[in-house]
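K.L.:
Got a predicted model here, sequence first, then my questions.
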Amino acid sequence: MNVWDKERFNRLESRIFATLEGKRPDVDVPFYRYLYSPDQEVMSIREFKKLRDRIKAKGYSSDCVYMSNIFIKSMDNLGIYSEKNIASEKVNREIISEDLERELPVLISAELITLLTNKDHTYCAILLRTGVLFPFVHISSILSKLEGHIRCCLVIPYPGNKEGEMLNYRGKSVKSYYRGEVY
């Protein structure tokens, strides 16, 4: 198991606080991705919850948003859990997979926009459990849909060793989201 990179995490935290304090006016897209090894999922959740608590202790607003809950809600909205779709999935797995890759980013982004649209730069949303989105949704597809719709600080802990490689899986090439910062 890898050791948690405290130095890199502290750099991220200082950037987040600078954003919340309005000391980074040059940043028009305050999106921060933090890469960690997938075997550090439990530690990541613990550390980001502590970060949320430190943000609140300094008088700012912050919440942890569980992507697993948004994913399940989006799948339910698509009717994936119906008996008809469950039976169809056994036969049409590839078609359903393609449909999910197309539709889920739209639904998940819309849910996040609804949740975050009225938040300003003094609010920090931390998206936990992003690994649940694999392999149907890439973080870059969500971020590109959020840009221009939300103004708050957005922190995305990302289980992978390299941007674009969620859960360290090297799948088909995906266009990376080029804005925001990666730690």
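P.N.:
That came through, no problem.
K.L.:
Following the chain onward from the lowest-mean-pLDDT helix or strand in the chain, which element is next?
P.N.:
Lowest by mean pLDDT, DSSP states H and E among the helices and strands of the chain is helix 83-91, with a mean of 64. Per DSSP states H and E, helix 83-91 leads on to helix 93-116 as the next helix or strand towards the C-terminus.
K.L.:
mean confidence for the helix or strand just after that next one?
P.N.:
Note on helix 93-116: by DSSP H and E, the next helix or strand toward the C-terminus is strand 123-128. For strand 123-128, mean pLDDT rounds to 97.
K.L.:
Report the angle between strand 123-128 and helix 93-116.
P.N.:
Counting by axes from the mean of the first three to the mean of the last three CA atoms, to 10 degrees, strand 123-128 lies at 160 degrees to helix 93-116.
K.L.:
who's in contact with strand 123-128?
P.N.:
Strand 123-128 is contacted by residues 16, 19-20, 44-45, 48, 51-52, 55, 60-67, 112, 115-116, 119, 152-157 when judged by CB atoms under 8 Å, 6 or more residues apart in numbering. C-beta: built from backbone N, CA, C; applies to glycine.
K.L.:
from the chain's centre, how far out does the following helix or strand past it sit?
P.N.:
Using DSSP H and E, the helix or strand that follows strand 123-128 in sequence is helix 139-146. From the chain centre to the centre of helix 139-146 is a distance of 9 Å (CA atoms, centre = their mean, to the nearest Å).
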